[in-house]
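Asker: Structural data only, the sequence is not supplied:
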């Protein structure tokens with residue numbers, strides 16, 4: 001079902017400082033910040049050639065990232081994102097095997113303009129999993 005690793009997301013308390021660290025210390029190609037109000041985050045993508053790192057900063061006090069940062073003030077790995085060819089089919093198959101899709105179970109549009117869902121971390125050994133539909 002899952003395809004390639006699309007990105008590893010890291011929640012950070014200060015997006016500008018984290019972006020500068022990756023750019024200046026690691027020489028990474030760091031994209032521009034992108035606000036995603038529907039998801040409660042501002043993101044920056046770092047292209048690693050074969051995948052991406054997504055830096056996440058809370059956008060507003062109701063952001064799910066705000067709670068993560070409250071528990072992990074320095075930040076940390078937040079989720080793994082895998083590509084799937086058909087997100088509706090993936091959700092149906094996962095739910096049939098007992099996996100829980102967070103929220104209302106329906107895909108929302110993510111940072112790349114593609115449908116995404118998140119899977120409950122308790123169903124995947126503590127790892128929050130994002131599935132992103134990528135066709136072709």
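Answerer: Received, thanks. What you are looking at is a predicted structure, and each value in this text was computed from that prediction instead of being measured.

Asker: In a strand, residue 88, correct?
Answerer: No. With DSSP: H, G, I helix; E, B strand; the rest coil as the criterion, residue 88 is assigned helix and is not in a strand.

Asker: I'd like the distance from the lengthiest helix in the chain to the chain centre, please.
Answerer: When every helix of the chain is counted residue by residue (DSSP state H), the longest turns out to be helix 15-26. Chain-centre distance of helix 15-26: 18 Å, with Cα atoms, centre = their mean, to the nearest Å.

Asker: buried ones in the lengthiest strand in the chain?
Answerer: Ranked by number of residues, the top strand in the chain under DSSP state E is strand 76-84. Buried residues in strand 76-84, defined by neighbour count with 16 or more other Cβ atoms under 10 Å: 78, 79, 80, 81, 82, 83, 84. (C-beta placed from N, C-alpha, C; glycine too.)

Asker: Right, I'll call it a day here.
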